[in-house]
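Engineer: I would like to see how this sequence folds:
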Amino acid sequence: MPPRILAIAIASILVAETILAENIPIELRTGHASHAFDHLGGFADQADAAAKSGATIIYASGVGGLGYSGLPPQNELDATLKRVAAYSAHAKQQGVELAIGYLCATSIVKLDTFDKNWTADFRRQFKTPPAEWRQQDRHGQPLKSWYGGDYAPACMNNPDWRAYQHAMVRYQLETGHEGIFFDNPTVHPQGCYCAHCMRRFGRYYEGHAAKPVGPESTNDIEAIRKLALWDPELFLRFRATIARDFLADMRDFARSINPRALITCNNSLNSPGVLYLQSRLYGYNIYELSKAEDFVVVEDMATQPRTDAKGKTLEYGPTYQQLQAISHGKPIVAVTIAEADYHTAPNLVRLAMAEAAAHNASYLSWPTWPEDQRARMIAAVRPQADFLRRHEALLNEAPFRSDATLFLPFRRWLETEHCTASDLAAPLTKANIQYRTICEDDFKLPELTEKTKVLVVESLAILTSEEKAVAAEFENSGGRIVTANKTDWLDQVRSVVGKPTITLDGPPTVRAVVHDQPTRTIIHLYNLNIRRVSSFDDHVTPAENVTLHAYVPFADPRNIRIESADPETSQQVANVSVIKEPTGTIANFTVPRLQINALVIVEK
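Structural biologist: All right, here's what the predicted structure looks like:
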């Protein structure tokens, strides 16, 4: 693509991203934000460690633990509220900008004593006892929690449960929290058939069924239950909106107290392969949830970026791309851990922070370290947080360069548990092909023709008639469609792209992600060749002599420089040359040593 055309395309993308960025609080911007849980098991109230390691946003227990069990006696509650407020104030003094209070969206623990300590005034706001707040099966009987034990699953559509959660939200906000993180916003795998859900489903059915044939009244609960069984796909779609509507209600209430209050939740995604499955099982539908959230948090249990003991690389970059496609422009935050161990060795934390930033996202850490590890971990992690904050201007309003576009038809979660787009994203990322991912909302012109050379789809058969028309026009305009039901699809992508945005000669564990701003191209480099030794130790194998050939959207690159938080990473590029071709300008250079990550900035 000639420099002038590439520059125009980048400018149009930049305008769109700037409009989205204007609605994002500065505290949540990539680089500025460093997220951390302040509690893990026996390690509670770790704001000091979090702040010292560079965290600006903490996810605090607050009074969330009390909410599980229905609140303690009033004198204990008052003492706890006072203690939590003091802790929140102390955290702000240490440099924490936002404290997000923890609440559980569905858990009632020890139902028999849940309302034991309620005062008459507190009890007066509810019309029914907690036993009636539970999710119910198709016969109207309470469902047991999938967690077992003393847990009971509350229904997020139950008005009394919502009233209880409003009270908990108020406690959290009035004790110094700027927002709420709702854990477990889940619907039972069987679905909830309580009267409140059935009335809402009746109205949903009227608005979404192709040919409504339901009961005349939404008060005919038994008839609506039969309707849910008769049209399971529509009921599945409805289930995916329950948590979204709950979060929207909580956000409205929170903002009646604090107009800037932030709401998010645990969007789960415990592994990249469950993007569709979790929507079907528990109603964890990120596309719907993100409509009501201020930012999107996911908790992966295995895909900490690294190289495992067998030499296999694991990475979260492909998943970040998919999350960007379905989260309606909301900031993305991810926990990525290894082997279900919430403790992560320091260089792996730094790698995860770099990988997130490269994909316009933020990493959520667990600085809940044993005392004998705390100082060492803080000293190792803090430089990366400071580095990202110093370079915030390079990490925002800097759109992805994309040679290809991957189509994620998220609607297919209704048809299958398996997301084929997840399978396709991984090899694209591994090959360092610059691509973006879109869902059906963005499958339209002129965006496709302006932003990509090649469109990758799992199969033409999954396109709607409208999408097939767009695809045909895309091809008529010179674009190519590659279907991944052919074994050589990746080679086809390479062939269509021709001379790619970037070519990297070096170890296969190095990833390059290219972003652009009007006067510079920013190349994120990070090295996945870090092995986990234990919860607190890792081993880095540096990448040597990484040579890059990068297209830039201007004719005369003035300066190429390296910025890195790693003292072991080379501070200057070598073997610099510039080649001007009819199709663009290529900057060639070598990074002699890459320890964990670096930004290479090519300036106009």
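
Engineer: end to end, how far does stretch 437-454 reach?
Structural biologist: The first and final residues of stretch 437-454 sit 12 Å from each other (Cα to Cα, to the nearest Å).

Engineer: buried sites along that stretch?
Structural biologist: 437-440, 443, 447-449, 451-454 (16 or more other Cβ atoms under 10 Å). In short, each C-beta sits where N, CA and C put it, glycine included.

Engineer: check stretch 551-559 too.
Structural biologist: Those would be 551-554, 557, for stretch 551-559 by 16+ other Cβ under 10 Å.

Engineer: what of stretch 510-523?
Structural biologist: Neighbour-count burial for stretch 510-523 [16+ other Cβ under 10 Å]: 510-517, 520-523.

Engineer: do the same with stretch 452-471
Structural biologist: Buried, per 16+ other Cβ under 10 Å, within stretch 452-471: 452-458, 462-463, 467, 470-471.

Engineer: which of these sit farthest apart?
Structural biologist: Lys453 and Ile462 (21.4 Å; Cβ to Cβ).

Engineer: circling back: which of the buried residues of stretch 510-523 sits closest to Pro427?
Structural biologist: When the buried residues of stretch 510-523 are compared against Pro427 (criterion: Cβ to Cβ), the nearest one is Arg511, at 12.8 Å.

Engineer: so what pairs up with the closest one in the strands?
Structural biologist: Under the criterion DSSP bridges, Arg511 forms beta bridges with Tyr526.

Engineer: looking at it, it is touching Thr429, isn't it?
Structural biologist: Yes: with contact defined as Cβ atoms under 8 Å, Arg511 reaches Thr429; the gap is 6.9 Å.

Engineer: show me whatever sits in contact with both of these two.
Structural biologist: 315, 317 (Cβ atoms under 8 Å, 6 or more residues apart in numbering).

Engineer: could I get the buried residues of stretch 437-454 as JSON lines with distance to Pro232?
Structural biologist: Below are the buried residues of stretch 437-454 laid out as JSON lines (distance: Cβ to Cβ, whole Å):
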{"residue": "Thr437", "distance to Pro232": "29"}
{"residue": "Ile438", "distance to Pro232": "29"}
{"residue": "Cys439", "distance to Pro232": "23"}
{"residue": "Glu440", "distance to Pro232": "22"}
{"residue": "Phe443", "distance to Pro232": "27"}
{"residue": "Glu447", "distance to Pro232": "35"}
{"residue": "Leu448", "distance to Pro232": "34"}
{"residue": "Thr449", "distance to Pro232": "39"}
{"residue": "Lys451", "distance to Pro232": "38"}
{"residue": "Thr452", "distance to Pro232": "37"}
{"residue": "Lys453", "distance to Pro232": "41"}
{"residue": "Val454", "distance to Pro232": "37"}
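
Engineer: mind checking which of these land in strands?
Structural biologist: 437-438, 454 (DSSP state E).

Engineer: so which residues make contact with stretch 281-290?
Structural biologist: 185-189, 239-244, 247, 265, 267-269, 275, 278-279, 296, 298, 323, 326-328, 330, 410, 413, 439.

Engineer: residue ranges of each domain in this protein, please.
Structural biologist: 37-266, 402-497, 502-603 (automatic domain parsing).

Engineer: what distance separates the start and the end of the shortest one?
Structural biologist: Looking at domain 402-497, the gap from its leading to its trailing residue is 10 Å under the measure Cα to Cα.

Engineer: run the chain-centre distance for that domain.
Structural biologist: 21 Å (Cα atoms, centre = their mean, to the nearest Å).

Engineer: any idea of the mean pLDDT for it?
Structural biologist: Across domain 402-497, pLDDT averages out at 94.

Engineer: before we move on, back to that, in TSV, list the domains of the chain along with distance to Trp366.
Structural biologist: Below are the domains of the chain laid out as TSV (distance: least, Cβ to Cβ, whole Å):
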stretch	distance to Trp366
domain 37-266	5
domain 402-497	25
domain 502-603	10
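
Engineer: which residues in the stretch 251-400 of the chain form helices?
Structural biologist: Secondary structure of the stretch 251-400 of the chain (DSSP state H, counting those that start in this stretch): helices at 277-282, 286-292, 317-326, 346-358, 371-390, 392-395.

Engineer: ranking the ones you listed by burial, who's on top?
Structural biologist: helix 346-358 (a mean of 26; mean count of other Cβ atoms under 10 Å).

Engineer: and the angle for it with helix 317-326?
Structural biologist: Comparing the axes of helix 346-358 and helix 317-326 via axes from the mean of the first three to the mean of the last three Cα atoms, to 10 degrees yields an angle of 40 degrees.

Engineer: which residues in the stretch 401-550 of the chain form helices?
Structural biologist: 420-430, 447-451, 465-476, 489-497.

Engineer: so which of the domains of the chain gets nearest Gln373?
Structural biologist: Nearest of the domains of the chain (Cβ to Cβ): domain 502-603, 5.0 Å.

Engineer: how distant is the closest one from the center of its chain?
Structural biologist: 25 Å.

Engineer: just to revisit the earlier point, got the ones in strands among the buried residues of stretch 437-454 as TSV, with distance to Glu206 columns?
Structural biologist: Formatted as TSV, these follow (distance: Cβ to Cβ, whole Å):
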residue	distance to Glu206
Thr437	34
Ile438	31
Val454	42
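
Engineer: what's near enough to touch the residue positioned nearest the centre of the chain?
Structural biologist: When Cα atoms, centre = their mean is applied to the chain, the residue found nearest the centroid is Ile332 (3.8 Å). Contact analysis of Ile332 by Cβ under 8 Å, 6+ apart lists 295-296, 298, 320, 323-324, 356, 359-362.
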